[in-house]
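S.K.: A predicted structure for the sequence below; I have some questions about it.
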Amino acid sequence: MIARRQVSVAEVAAAFLDRIEQVNGAVNAIVSLRDRHDILAEAAEADAALARGASPGPLFGLPIAIKDLALTKGLRTTFGSRIFAEFVPNEDDFFVERMREAGAIIIGKTNVPEFGLGSQTYNEVFGPTRNAFDQCLTSGGSSGGAAAALALNMLPLADGSDFCGSLRNPAAFNNIFGFRPSQGRVPAGPQPEMFVAQMGVEGPMARNVADLALLLGVQAGYDPRAPLSLDGGFPGPAEPRDRGQPWRVAWLGDLGGDLPMEDGILDLCEAALHRAEAGPFRVEPFVPDIDFERLWWAFIALRQSTSGAALKVYYDNPGQRDLLKPEAIWEIEGALGLTAVQVYAASTVRSGWYKAVLGLFERHDLLALPTAQVFPFDAAIHWPTEIAGRAMDSYHRWMEVTAFATLAGCPAISVPVGFDARGRPMGMQLIGRPRGDAAVLGAAASYEQVCAIVAGV
């Protein structure tokens with residue numbers, strides 16, 4: 001509509017800013033919001049450029065807030081930490097740079113947990129972000145601000161990042177779509193640990209699959225500054241399949257009881273899969289023969305050896321250590337206790353899982369799992385300490401279900417599956433072959449069509 005001059009960029013920006021003013025106070029999703037006058041002035045400049053014959057990029061004139069873990073030139077980036085409460089970067093993250101070049105107007109940031117640690121968005125700089133459907137509940141995390149903002153129509157699109165489900169969990173908790181691309185699909189940086197930080201990725205969130213593909217097409221592609229980034233751009237999602245070309249889905253459920261689940265989650269996912277079978281999906285229950293406890297140990301070791309090690313500089317500073325939350329201390333001290341032999345052993349376990357996953361995809365096109373092991377919980381609780389009577393031994397053990405795609409470097413999308421009797425949303429992961437991003441988005445588009453998904457509030 002902007003390109004066809006049916007609506008001006010200034011009108012679009014004003015409409016979203018009005019919506020933010022109406023609802024953001026209830027959920028605290030968007031933070032560090034720029035001055036309205038400055039945003040509208042930038043929108044007017046975009047309108048003037050279009051009037052002069054400028055060619056609009058794929059995000060031209062769209063007001064977008066960036067996750068507060070990504071650098072934004074000239075705009076406060078706190079990482080949810082009191083250490084960086086007033087930090088203003090002088091450069092953009094690589095994918096933010098691309099979004100600006102595509103015409104996006106950066107209006108602010110979306111809230112995160114401190115340093116992105118945990119799937120519950122709260123910090124001591126801005127406070128908690130609340131669920132779009134029930135403000136007593138958490139929005140999830142670490143892309144919790146992005147998910148709540150999307151669900152409540154405060155943003156047209158949003159970026160996020162994902163290590164332990166941070167694009168997927170908040171999507172499930174807010175009834176939207178969150179896509180974790182293949183490792184290397186979106187160039188990460190600038191960051192000092194770019195050769196070892198392989199399990200965290202950047203990616204898109206949206207209210208529909210077509211919008212996900214639009215944003216991913218901007219974010220993706222090789223960048224020489226990101227040595228592990230993949231060649232080529234992203235062509236967009238495949239067309240939804242018909243019943244003559246069914247997606248073969250392995251339903252992993254709770255991995256044969258290995259993963260504790262809150263009552264109702266499996267039922268919602270299985271009901272969604274049953275609906276999907278009316279279209280191009282053929283579902284088979286399946287449990288891989290793998291030592292899942294060993295996999296979780298490898299995940300912890302590799303996470304601590306990167307995330308924990310990266311935070312050590314603040315731990316070593318007497319004036320900053322007391323500003324770190326307990327979960328950050330746990331990651332750092334875990335890293336301090338690791339040996340090179342242990343990190344190598346964890347990498348070996350990860351390689352074995354990758355090989356096993358390749359074997360699974362000889363028989364199946366997609367692996368399906370719940371996105372979370374609990375429904376959205378009280379926003380005052382930092383993390384669930386038990387599920388179905390089983391104690392959780394870390395602040396993120398309750399999100400173990402997301403680690404399998406992360407360890408294999410596979411693309412994974414969280415798709416909505418509906419609500420429980422209390423009105424709490426849930427999602428389901430569809431995991432595809434490594435680098436099979438287009439196929440996963442095509443499957444999600446098929447699912448969206450067959451199940452008549454209406455995302456957001």
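M.R.: Perfect, thanks for sending it. Residues are numbered from 1 along each chain as shown.

S.K.: where exactly do the strands run in this protein?
M.R.: With strands called from DSSP state E, the chain shows them at 30-31, 63-67, 105-110, 158-162, 177-180, 201-206, 247-251, 281-285, 366-370, 386-387, 390-391, 412-419, 425-431.

S.K.: Turn these into TSV, including mean neighbour count and distance to residue 337.
M.R.: Every residue, glycine included, has its C-beta placed from N, CA and C. Converted to TSV, the strands of the chain look like this (neighbours: other Cβ atoms under 10 Å; distance: least, Cβ to Cβ, whole Å):
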stretch	mean neighbour count	distance to residue 337
strand 30-31	24	34
strand 63-67	27	30
strand 105-110	26	34
strand 158-162	29	26
strand 177-180	32	29
strand 201-206	27	26
strand 247-251	20	36
strand 281-285	16	39
strand 366-370	26	30
strand 386-387	15	25
strand 390-391	11	22
strand 412-419	26	30
strand 425-431	28	31
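
S.K.: Pipe those into JSON lines and attach distance to residue 134 per row.
M.R.: Shown next, in JSON lines, are these (distance: least, Cβ to Cβ, whole Å):
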{"stretch": "strand 30-31", "distance to residue 134": "19"}
{"stretch": "strand 63-67", "distance to residue 134": "22"}
{"stretch": "strand 105-110", "distance to residue 134": "19"}
{"stretch": "strand 158-162", "distance to residue 134": "20"}
{"stretch": "strand 177-180", "distance to residue 134": "19"}
{"stretch": "strand 201-206", "distance to residue 134": "20"}
{"stretch": "strand 247-251", "distance to residue 134": "28"}
{"stretch": "strand 281-285", "distance to residue 134": "30"}
{"stretch": "strand 366-370", "distance to residue 134": "19"}
{"stretch": "strand 386-387", "distance to residue 134": "20"}
{"stretch": "strand 390-391", "distance to residue 134": "25"}
{"stretch": "strand 412-419", "distance to residue 134": "10"}
{"stretch": "strand 425-431", "distance to residue 134": "9"}
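
S.K.: Next, format the ones you listed as CSV and append mean pLDDT and distance to residue 301.
M.R.: What follows is the strands of the chain, written out as CSV (pLDDT from 0 to 100; distance: least, Cβ to Cβ, whole Å):
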stretch, mean pLDDT, distance to residue 301
strand 30-31, 98, 33
strand 63-67, 98, 26
strand 105-110, 98, 30
strand 158-162, 97, 19
strand 177-180, 98, 21
strand 201-206, 97, 19
strand 247-251, 97, 27
strand 281-285, 97, 31
strand 366-370, 98, 22
strand 386-387, 98, 23
strand 390-391, 97, 21
strand 412-419, 98, 21
strand 425-431, 98, 22
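
S.K.: residues in contact with the spatially most central residue of the chain?
M.R.: Centroid check for the chain by Cα atoms, centre = their mean gives residue 167 as the closest residue, at 1.2 Å. For residue 167, the contact set (Cβ atoms under 8 Å, 6 or more residues apart in numbering) comprises 143, 160-161, 178-180, 201, 203, 205, 414.

S.K.: Please report the distance of it from residue 252.
M.R.: Computed with Cβ to Cβ, to the nearest Å, the distance linking residue 167 and residue 252 is 19 Å.

S.K.: So residue 9 is in contact with residue 43, correct?
M.R.: Yes: between residue 9 and residue 43 a contact is recorded at 4.4 Å, counting by Cβ atoms under 8 Å.

S.K.: anything in contact with each of these two?
M.R.: 61, 105.

S.K.: Which one's more surrounded, those two?
M.R.: It is residue 9, of residue 9 and residue 43, that has more neighbours when counted by other Cβ atoms under 10 Å, with 25 against 22.

S.K.: show me what contacts the more buried one?
M.R.: Residue 9 neighbours (Cβ under 8 Å, 6+ apart): 2, 43-44, 46-47, 50, 60-61, 105.

S.K.: Next one, pLDDT for it please.
M.R.: Reading off the confidence values, residue 9 has pLDDT 98.

S.K.: got it, and residue 196?
M.R.: For residue 196, the predicted pLDDT is 79.

S.K.: mind listing what it touches?
M.R.: So, once contact is read as Cβ under 8 Å, 6+ apart, residue 196 ends up touching 305-306.

S.K.: how about the helices of the stretch 251-400 of the chain, start to end?
M.R.: 265-276, 292-303, 309-315, 318-321, 326-336, 340-360 (DSSP state H, counting those that start in this stretch).

S.K.: Throw those into a markdown table and include mean neighbour count and mean pLDDT, thanks.
M.R.: A markdown table is the format used below for those (neighbours: other Cβ atoms under 10 Å; pLDDT from 0 to 100):
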| stretch | mean neighbour count | mean pLDDT |
| --- | --- | --- |
| helix 265-276 | 19 | 98 |
| helix 292-303 | 19 | 96 |
| helix 309-315 | 17 | 96 |
| helix 318-321 | 11 | 96 |
| helix 326-336 | 18 | 97 |
| helix 340-360 | 15 | 97 |
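
S.K.: These into JSON lines, with extra columns for distance to residue 101?
M.R.: Formatted as JSON lines, these follow (distance: least, Cβ to Cβ, whole Å):
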{"stretch": "helix 265-276", "distance to residue 101": "37"}
{"stretch": "helix 292-303", "distance to residue 101": "32"}
{"stretch": "helix 309-315", "distance to residue 101": "28"}
{"stretch": "helix 318-321", "distance to residue 101": "35"}
{"stretch": "helix 326-336", "distance to residue 101": "33"}
{"stretch": "helix 340-360", "distance to residue 101": "34"}
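
S.K.: Out of these, the one nearest residue 96 is which?
M.R.: Comparing the helices of the stretch 251-400 of the chain by their distance to residue 96 (Cβ to Cβ), the top pick is helix 309-315, with 19.4 Å.

S.K.: now the closest one, how far from the centre of its chain.
M.R.: Its chain's C-alpha centre and that of helix 309-315 lie 24 Å apart, by Cα atoms, centre = their mean, to the nearest Å.

S.K.: Quick check: the residue of the chain most remote from its centre vs residue 2, distance?
M.R.: Using Cα atoms, centre = their mean, the residue of the chain lying farthest from its centre is residue 52. It sits 37.3 Å away. Note on residue 52: its distance to residue 2, by Cβ to Cβ, is 15 Å.

S.K.: Also residue 392?
M.R.: For residue 392 relative to residue 2 (Cβ to Cβ), the value is 47 Å.

S.K.: now residue 19
M.R.: 17 Å.

S.K.: Kindly report the same for residue 165.
M.R.: On the measure of Cβ to Cβ, residue 165 and residue 2 end up 34 Å apart.
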